[in-house]
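Engineer: Sequence and predicted structure, then a few things I'm wondering about:
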Number of protein chains: 2
Amino acid sequence: MRKIEIVQGILDANDATAEGNRAAFDAHGCLAVNIMASPGAGKTSFILRTIEGLKQDLRIGVIEGDMVSTVDAEKVQGIADAVVQINTRGMPESCALVADMIQVALERIDMDSLDVVLIENVGNLLCPAEFRLGEHLRVVVSSTPEGDDKPLKYPLIFADADAIIINKTDLLPYVDFDIERFTRSIRNLNAAVPFFPLSCKTGEGVAEWVSWLRSRRPTK
Amino acid sequence: MRKIEIVQGILDANDATAEGNRAAFDAHGCLAVNIMASPGAGKTSFILRTIEGLKQDLRIGVIEGDMVSTVDAEKVQGIADAVVQINTRGMPESCALVADMIQVALERIDMDSLDVVLIENVGNLLCPAEFRLGEHLRVVVSSTPEGDDKPLKYPLIFADADAIIINKTDLLPYVDFDIERFTRSIRNLNAAVPFFPLSCKTGEGVAEWVSWLRSRRPTK
C-alpha cells in the first residue's frame, strides 16, 4: 500500500507543477504541444515538418526529452528558434518527461519571443500518458509499421490525446496496417479526436496537420 | 532523496525475487528468455516464428506481458504448450514486467512439461532494462522502420542484451536504416553480442536465430 500511496503523491505533485507551467505558457500566449510516441515512430521528423510549416510567420521553441544523448536536439537546432535538451537518465522518472523538468526548461527559454513550444517526449507509449506537463495539446504519433493494434494495447495514451498522427503512410503498401481498424479502435476510446495520416518522408498530409495546429493557437 | 531510496529498494527486492525465479527455471531445466522491444517491433510475430522453429522436439511456454488486453496471448494460444497472460495496469510498475509477476505466472505453469519459456515483455525500451526477471537470456528485438539511432537513445537495454534481433529486414529497401551504423553503435555498448537480422514476415534469417537459441539450452 505504501508504494502505491507514494506513486499517487508523485502524480499529484506533478499535476500541481503542470498547472504552473500551463499558466506560464498562457501568460506568454504560447501554444504548448506534448508529442508522444513509441521509439522510432518519427517524432523528430514530425517536429521538423511541423516547424517547416509554421516558421514563415511563427517562432518555434523545442524541448527535447531523451533518456540520454542529444541526437534529436542536434537535428532541430538549425531550424527551431530555441532548443532545450532534457536528459532523464538517473531521475526518479526516467521513462517520461514530467512537469518539473519542463518548469526548469522554461527558465532557459525566452517565451516572449516564441509562439509555439513543441515538446518531444521520451519514446514510450506508457509512462508519458501518466504525466501532465502543462501542455495545451497532447499529440500521439503512431506509425504504420507498428501495426494497427496499438490502441488496444496502450489505450491510456490514445484515450487522452487531442490529435492522432498516423505517420509513415508511404510504407502502407509494404506493411500490415488497416487504417479503418486503427481509427475504429481509437474511436472506442476517444470519440472526437482528429486523425492526420501523413508521411514525414514525402510531406504528404503534413499541410492538413499544420493548418489544424494553427487553428488551435490562442487569440492574443 | 527519499524517493530515490525507495526506487533503489524496489530494484533490490526485484533482484532477490528474480534469483528465486532463476533457481526455479534451473531446477526444471527450462531455458527462460526475456524478449524486449518497442511497441510494434514485432515481438509477438517473433515469438510465433521461434515456437515454429522449436516445437518439433521442444515444449514451449509463453508468458505474455501487456498493460491491458489479451491480444498477444490469443495469437500464441494455439501454438504454444502453455500461455499465461500478465496485465500490468494498476500495478506500481506498469511499464515493465517485474520478477514478482513472473513468480506468480510460474505458479500457473507446469514447468516439468516445458523446455523453453519465452517471456514477452511490455512494449518499451526503457523500464524493462531495469528489472531482471530471472531469465537466462535477454533478447532485444529492434525493427528497421524504427531507425538505426535507437542504441544511442536507449543504450541501457542494448548494453545488457544477450542477443539482438534486427526484425523487418523485408522493409530495408523502403526505410532509412543502415545496418552497419546500427551494429557499430551497439558494439560500443556491448562488444560480443550476436546479431540476428531476420524477417518474421518472410521467415528469412529465422533459422539462424533458432539454431543459436537451441545451442543455449542447458544440458540436462
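Structural biologist: Arrived safely.

Engineer: Give me the distance between the residue nearest the centre of chain A and chain B.
Structural biologist: Nearest to the mean C-alpha position of chain A, by CA atoms, centre = their mean, lies A:I35 at 0.6 Å. Note on A:I35: its distance to chain B, by CB to the nearest CB, to the nearest Å, is 15 Å. (Each C-beta comes from the backbone N, C-alpha and C, glycine too.)

Engineer: I figured that residue hits A:I119, correct?
Structural biologist: Yes - with contact defined as CB atoms under 8 Å, A:I35 counts as touching A:I119 (6.3 Å).

Engineer: who does the helix or strand of chain A with the lowest mean pLDDT touch, helix- and strand-wise?
Structural biologist: The weakest-scoring helix or strand in chain A, judged by mean pLDDT, DSSP states H and E, is helix A:2-27 (a mean of 84). Packed against helix A:2-27, as judged by 3 or more CB pairs under 8 Å, 6 or more residues apart in numbering or on different chains; DSSP states H and E, are the following elements: strand A:31-37, helix A:99-107, helix B:2-27.

Engineer: let's see 10 Å
Structural biologist: strand A:31-37, helix A:99-107, strand A:116-120, helix B:2-27 (3 or more CB pairs under 10 Å, 6 or more residues apart in numbering or on different chains; DSSP states H and E).

Engineer: and the third one, anywhere near chain B?
Structural biologist: No - in terms of CB under 10 Å from any CB of the partner chain, no part of strand A:116-120 sits within range of chain B; the closest distance is 11.2 Å.

Engineer: re the thing from before, how far off centre is the least confident helix or strand of chain A?
Structural biologist: Here helix A:2-27 shows a centroid-to-chain-centroid distance of 18 Å under the convention CA atoms, centre = their mean, to the nearest Å.

Engineer: now do stretch A:26-46
Structural biologist: How far stretch A:26-46 lies from its chain's middle: 3 Å, per CA atoms, centre = their mean.

Engineer: and what of stretch A:91-105?
Structural biologist: That offset, for stretch A:91-105, works out to 14 Å (CA atoms, centre = their mean).

Engineer: ends of it, how far apart?
Structural biologist: Counting by CA to CA, to the nearest Å, you get 15 Å between the two ends of stretch A:91-105.

Engineer: okay but A:K150 is in contact with A:L125, surely?
Structural biologist: Yes - the pair A:K150 and A:L125 qualifies as a contact (CB atoms under 10 Å) at a distance of 7.0 Å.

Engineer: Also compute the angle for the least confident helix or strand of chain A relative to strand A:116-120, please.
Structural biologist: Calculated by axes from the mean of the first three to the mean of the last three CA atoms, to 10 degrees, helix A:2-27 forms an angle of 150 degrees with strand A:116-120.

Engineer: tilt between helix A:2-27 and helix A:99-107?
Structural biologist: Using the same axes, to 10 degrees: helix A:2-27 against helix A:99-107 is 30 degrees.

Engineer: end to end, how far does stretch A:120-127 reach?
Structural biologist: Start-to-end span of stretch A:120-127 (CA to CA) is 14 Å.

Engineer: who wins for proximity to B:S142 among the helices and strands packed on helix A:2-27?
Structural biologist: The closest of the helices and strands packed on helix A:2-27 to B:S142 is strand A:31-37. By CB to CB, the value is 16.0 Å.

Engineer: Quick one: mean pLDDT over the closest one.
Structural biologist: The average pLDDT within strand A:31-37 is 98.

Engineer: Could you check the angle it makes with helix A:2-27?
Structural biologist: Counting by the same axes, to 10 degrees, strand A:31-37 lies at 140 degrees to helix A:2-27.

Engineer: So in that sheet, which strands flank strand A:31-37, and in what orientation?
Structural biologist: Strand A:31-37 pairs in its sheet with strand A:116-120 (parallel), strand A:137-143 (parallel), by DSSP bridges.

Engineer: Need the winner for burial among these.
Structural biologist: When the strands paired with strand A:31-37 are scored by mean count of other CB atoms under 10 Å in any protein chain shown, the highest mean neighbour count falls to strand A:116-120 (a mean of 27).

Engineer: Give me the distance from that strand to the chain's centre.
Structural biologist: 7 Å.

Engineer: Now do the shared contacts for A:K150 and A:L125.
Structural biologist: Taking CB atoms under 10 Å, 6 or more residues apart in numbering or on different chains as the contact rule, the neighbours common to A:K150 and A:L125 are A:S38, A:A41, A:V140, A:S142, A:I157, A:F158, B:P39, B:G40, B:G123.

Engineer: Go through those and name the one nearest B:E74.
Structural biologist: B:G123 (16.4 Å).

Engineer: mind checking how far the closest residue to A:R132 other than its chain neighbours is from A:M101?
Structural biologist: Of all residues beyond its chain neighbours, the one nearest A:R132 is A:A18 (4.0 Å), with distances taken as CB to CB, 6 or more residues apart in numbering or on different chains. Distance, A:A18 to A:M101, using CB to CB, to the nearest Å: 11 Å.

Engineer: Give me the more crowded residue out of these two.
Structural biologist: Ranked by neighbour count (other CB atoms under 10 Å in any protein chain shown), A:A18 and A:M101 place A:M101 first, with 23 against 20.

Engineer: ok, the more buried one - contacts?
Structural biologist: Contacts for A:M101 (CB under 10 Å, 6+ apart) come out as A:17, A:21, A:63, A:65, A:84, A:86-88, A:91, A:93, A:119, A:131, A:133.

Engineer: now, which of these lie within helices?
Structural biologist: Secondary structure from DSSP state H places A:T17, A:N21 of those in helices.

Engineer: circling back to that earlier point, just send the strands paired with strand A:31-37 back as JSON lines, with mean pLDDT too.
Structural biologist: Listed next are the strands paired with strand A:31-37 as JSON lines, based on pLDDT from 0 to 100:
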{"stretch": "strand A:116-120", "mean pLDDT": "98"}
{"stretch": "strand A:137-143", "mean pLDDT": "98"}
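
Engineer: Dump those strands into CSV; add distance to B:D162 as well.
Structural biologist: Formatted as CSV, those follow (distance: least, CB to CB, whole Å):
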stretch, distance to B:D162
strand A:116-120, 31
strand A:137-143, 28
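
Engineer: So A:D72 sits against A:A80, correct?
Structural biologist: No - using CB under 10 Å, A:D72 is not in contact with A:A80, being 11.1 Å away.

Engineer: Pick the most deeply packed of the helices and strands packed on helix A:2-27.
Structural biologist: When the helices and strands packed on helix A:2-27 are compared using mean count of other CB under 10 Å, strand A:116-120 is most buried, at a mean of 27.
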